[in-house]
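Undergrad: Predicted model and sequence below, questions to follow.
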Amino acid sequence: MAQLDIAAFIQKYENTIEYLFGFWDPMYGMPDGGPLAGFKFLNTGKSQVTGFDISLNGGGKIGKNFSFVTMVGYNYINPITLEPDKVFAEDYNPFNPTQYSFRNTSQDTLTNVLKYRFKHTFKADVELNLYGFSVGYTIKYFSKMENLDKAISDFEFLTQNTGGSMQAIYFSDFYAENNVGNFIHDLRVSYAFGKKD
């Protein structure tokens, strides 16, 4: 038995919500009324996700007591903003507020790919069953993360140029060397008590 499924899709969003770091409202109770730094959910404008998905499912039985089930799947997405220059927020600065857009808050300013997305995902699973015992193995692959908040590299620059008042953060080199995708492996073993064939 086998089943092949192929699907293409397109999704459009009017108000994409993203989690953005900035200096927002004044801190409650602060004597100097300093701004509160942190992350905030914001509507960042229109976006679009296109892609396709392929999956192959199968299984079979050999003899009375042995059976197997398999699954292989691949997914591709291209998640992009449709309004990269739209100003969707301003920080708390009464004299010269910073205007935030997708382009000036992203590390990748060329492709318009939304932050923290994986374009390629692969999954395969096989399970063998014999006399009530089952052994299964799953492997998953997620491609590199395409885009991050620019605030991360800004923090790195800030902490490395404060004259020792803050612990220096070194992230960009690690990210560049290790952002090559990830494999996740799972192994499972089970037994069905009282099962009668």
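TA: Nice, thanks for sending it over. Numbers count the residues shown, from 1 in each chain.

Undergrad: Now do the longest helix along the chain: everything it contacts.
TA: Longest among the helix segments of the chain by residue count, using DSSP state H, is helix 150-160. Under the criterion C-beta atoms under 8 Å, 6 or more residues apart in numbering, residues 20-22, 104-107, 166-172 lie in contact with helix 150-160. Heads up, the C-betas are built off the backbone N, CA and C, glycines and all.

Undergrad: Just to be sure, D85 is in a helix?
TA: No. Assessed with DSSP: H, G, I helix; E, B strand; the rest coil, D85 is coil; it does not lie in a helix.

Undergrad: Wait, it touches S101, no?
TA: Yes. Using C-beta atoms under 8 Å, D85 is in contact with S101, at 5.4 Å.

Undergrad: could you point out which element follows the longest helix of the chain?
TA: Later in the chain than helix 150-160, the nearest helix or strand by DSSP states H and E is helix 172-178.

Undergrad: Could you measure from Q11 over to V189?
TA: 38 Å (C-beta to C-beta, to the nearest Å).

Undergrad: now swap in Q107 and tell me
TA: From Q107 to V189 the distance is 42 Å (C-beta to C-beta).

Undergrad: picking that back up, tell me which of Q11 and V189 has more neighbours.
TA: Legend: neighbour count by other C-beta atoms under 10 Å for Q11 and V189, higher for Q11 (11 against 8).

Undergrad: Thanks a lot, see you next time.
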